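Q: give me a 3D structure for the following:
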Amino acid sequence: MIKKLLKKLGLALLIVFVLAQFFGPEKNSGDLASVDAFLAETKPSEEVTVILKNTCFDCHSDYTNYPWYNAITPVNYWLNDHIKDGKKHFNVSKWTDYSLKKKDHKFDELIEEVEEKEMPLPSYTWTHGDADLSPEQIEAVVTWAKQVRTTYALQMQQAQ
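A: From the prediction side, this is the model:
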């Protein structure tokens, strides 16, 4: 009796899982060109640009290079939630919409998150080995970000 019930339950779960594969969240389908204004304004070195593309832009821009496992529900919902949350906090594709003060604040947060190894998220680096930053890469990103903040500080002084 219990064996029969478990079989039916297993079959029902399998059917639900298969049907769920036909549904998924809306993808982050922007273009990588959407980060051009950010790159032009902040002028990262080639090394830092590669780091940003490999570790930041998937969740912090309107462009995401989706991994193969994004085709599996419910994983795609989990990834979509990470992307939406990342863009809510810091979206380089909307960089031109940010005020100078907000840009400076975002770089302050960037420095803190990278130095404390809060970013990129561990769940991202599990599947993106090249996003697990070395101490040298962290230093390169932080140095660049501090230079950008210095530029913004000068611009804010001049605006007063």
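
Q: let me see the contact set for Trp144.
A: Trp144 makes contact with 42, 44-45, 48, according to Cβ atoms under 8 Å, 6 or more residues apart in numbering. (Glycine included, C-beta is placed from N, CA and C.)

Q: which of those residues sits closest to Lys4?
A: Proximity of these to Lys4 (Cβ to Cβ) peaks at Val48, which lies at 60.8 Å.

Q: what about the helices in the protein?
A: Here the chain has its helices, by DSSP state H, at 2-20, 36-42, 46-55, 57-60, 75-89, 100-115, 122-127, 135-159.

Q: closest to the centroid, which residue in the chain?
A: Most central in the chain under Cα atoms, centre = their mean is Cys59, positioned 2.0 Å from the mean C-alpha point.

Q: was I right to think that one contacts Asp81?
A: No. Using Cβ atoms under 8 Å, Cys59 makes no contact with Asp81, being 10.4 Å away.

Q: where in this protein is pLDDT low?
A: Low-confidence segments of the chain, defined by pLDDT under 70, are located at 12, 14-25, 28, 31, 70, 127-128.

Q: one more time with 80
A: In the predicted model, the chain carries pLDDT under 80 at residues 1, 5-33, 65-72, 75-76, 78-79, 81-82, 121-131, 160.

Q: ok, the closest residue to Ser123 other than its chain neighbours to Met156 distance?
A: Once flanking residues are discounted, Ser123 sits nearest to His82: 7.4 Å by Cβ to Cβ, 6 or more residues apart in numbering. Separation of His82 from Met156 (Cβ to Cβ, to the nearest Å): 32 Å.

Q: kindly report the same for Leu100.
A: Taking Cβ to Cβ, one finds Leu100 at 6 Å from Met156.

Q: same thing with Leu9?
A: 62 Å.

Q: swap in Ser61?
A: 25 Å.

Q: between those two, which one's more packed in?
A: Taking other Cβ atoms under 10 Å, Ser61 and Met156 do not tie; Ser61 has more neighbours (26 against 14).

Q: what sits against the nearest residue to that one once chain neighbours are set aside?
A: Using Cβ to Cβ, 6+ apart and skipping residues adjacent in sequence, the residue nearest Ser61 is Ser93, 4.5 Å away. The neighbourhood of Ser93, defined by Cβ under 8 Å, 6+ apart, consists of 30, 34-35, 38, 61-63, 87.
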